[in-house]
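1. Below is the sequence, then the predicted model.
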Amino acid sequence: MAQMYEKVWMGEGLVEASQAKVSVASSAILYGLSVYTVFPVCIASGGRERVVFRLSDHYERLLNSAKIIGIDDFVQGWDYPHFVSAVKELLQKNAVKSDVFVRATVHVVDEIAGIKSRGLKTTLSMFVYDAEPILSPTGCRLKTSVWRRIPDYAIPSRAKVNGAYVNSVLAKQDALDVGYDDCIFLDTHGHVCELSAANIFIVRRGVLITPDVTSDLLEGINRRSVLEVAAKELGIPVEERSVDLTELYIADEAFASGTSANIAPITEVDSRRIAGGTVGPMTAKIQQFHADLLHGKLPKYQNLLTKC
Ligand code: PMP
């Protein structure tokens with residue numbers, strides 16, 4: 001398991017990790033009523049700088065998650081400059097010197113509040129941990145899950161809400177139990193949706209294809225970067241549309257994208273090899289581009305990075 005750093009942001013300042021607590025009677029614990037995001041912090045400029053990739057997008061998604069669920073205290077109580085200064089203090093006081101992930105969570109902390117979301121107190125927590133990817137950069141094996149992705153009309157995947165991750169745990173554990181690395185979720189229509197915590201792309205005849213944002217998936221920040229930055233820069237045509245499972249089986253290449261997954265080549269799905277069980281050429285290009293982008297090696301895209 002990844003190592004967690006000592007100082008944790010809790011509410012309005014830093015505390016020791018052992019002191020960062022929420023009550024057993026809070027809605028966060030009782031109903032999974034918390035929203036979160038995980039963002040990457042990379043060491044750039046030959047070790048001289050810490051940079052966060054697309055921090056404002058992470059903040060915006062956190063706000064939108066709170067808005068969808070009706071967690072209005074956070075929506076009213078924070079703004080982006082305040083959030084950035086908290087992130088800076090967290091990284092500086094932990095003296096972060098290697099690539100890490102930060103998990104920022106808005107917990108509903110009122111006790112025995114009943115089944116509701118509006119008008120309740122929230123606390124923002126942020127902790128830092130080593131950036132160990134959840135999927136191998138050299139290939140992962142996936143199994144289609146018998147559990148379907150929770151549809152937008154039940155618990156919206158567009159909102160990154162803690163309680164909804166039971167759906168991901170069920171599906172991923174099933175895959176792990178039979179020796180796979182992760183699951184493929186189908187949506188309620190039987191179309192390919194995403195992994196337990198990453199979006200999915202396939203390549204067919206030179207076109208990069210990914211399920212569209214109305215397919216009950218999380219609108220991944222890296223998904224958008226692959227579409228709008230990497231594919232554009234590398235001259236790769238893209239399509240956002242429904243994807244059948246059998247298209248995935250016969251794809252020339254496939255990969256997952258996400259903060260914790262990076263760009264992870266998919267080399268097998270349900271005992272069918274993809275890209276001959278290797279990292280396909282387009283996947284390799286996008287993987288390299290993405291790593292360079294996050295580590296500040298592309299001068300044209302410095303605007304996507306926040307120095308912390
Ligand atoms: N889908 C799910 C269900 C996720 O949990 C994640 C990880 N946040 C992603 C996709 C990828 O999102 P991002 O690129 O913003 O990390």
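-> Sure, I can see it.
2. So which bits of the stretch 1-150 of the chain are right by the ligand?
-> residue 38 (C-beta under 6 Å from any ligand atom). Every C-beta, even on glycine, is put in place using the N, C-alpha and C of the backbone.
3. The closest residue to the ligand within the stretch 1-150 of the chain: neighbouring residues, count only.
-> Per C-beta to the nearest ligand atom, residue 38 is where the stretch 1-150 of the chain lies closest to the ligand, at 5.8 Å. Using other C-beta atoms under 10 Å, residue 38 is surrounded by 18 other residues.
4. what does the one 5 residues further on give?
-> Burial of residue 43 is recorded as 18 neighbouring residues (other C-beta under 10 Å).
5. what does the one 10 residues further on give?
-> As a burial measure, residue 53 scores 23 neighbours (other C-beta under 10 Å).
6. cool, and the one 10 residues further on?
-> For residue 63, the tally of surrounding residues (other C-beta under 10 Å) stands at 20.
7. do residue 22 as well
-> If you count neighbours by other C-beta under 10 Å, residue 22 ends up with 18.
8. Can you name the residues that contact it?
-> Going by C-beta atoms under 8 Å, 6 or more residues apart in numbering, residue 22 touches 28, 29, 107, 109, 123, 125.
9. Helix, strand or coil: sort out it for me.
-> Following DSSP: H, G, I helix; E, B strand; the rest coil, we place residue 22 in the coil state.
10. tell me what the helix or strand of the chain with the lowest mean pLDDT is packed against?
-> Sorting the helices and strands of the chain by mean pLDDT, DSSP states H and E puts helix 72-77 at the bottom, at a mean of 88. Helix 72-77 is packed against helix 55-69, strand 122-130, with contacts defined by 3 or more C-beta pairs under 8 Å, 6 or more residues apart in numbering; DSSP states H and E.
11. Surely residue 247 touches residue 202?
-> Yes. With contact defined as C-beta atoms under 8 Å, residue 247 counts as touching residue 202 (6.4 Å).
12. for the stretch 151-300 of the chain, what spans make up the helices?
-> With DSSP state H, counting those that start in this stretch as the criterion, the stretch 151-300 of the chain has helices at 165-177, 221-225, 231-234, 245-249, 281-294.
13. Residue 105 sits in which helix or strand?
-> Using DSSP states H and E, residue 105 sits in strand 100-108.
14. Partner strands of that strand, with direction?
-> Next to strand 100-108 in the sheet, as set by DSSP bridges, lie strand 34-44 (antiparallel), strand 122-130 (antiparallel).
15. Dump these to CSV, plus distance to residue 302 and mean pLDDT.
-> Formatted as CSV, the strands paired with strand 100-108 follow (distance: least, C-beta to C-beta, whole Å; pLDDT from 0 to 100):
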stretch, distance to residue 302, mean pLDDT
strand 34-44, 10, 98
strand 122-130, 23, 98
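16. Before I go, just wanted to say thanks for your time.
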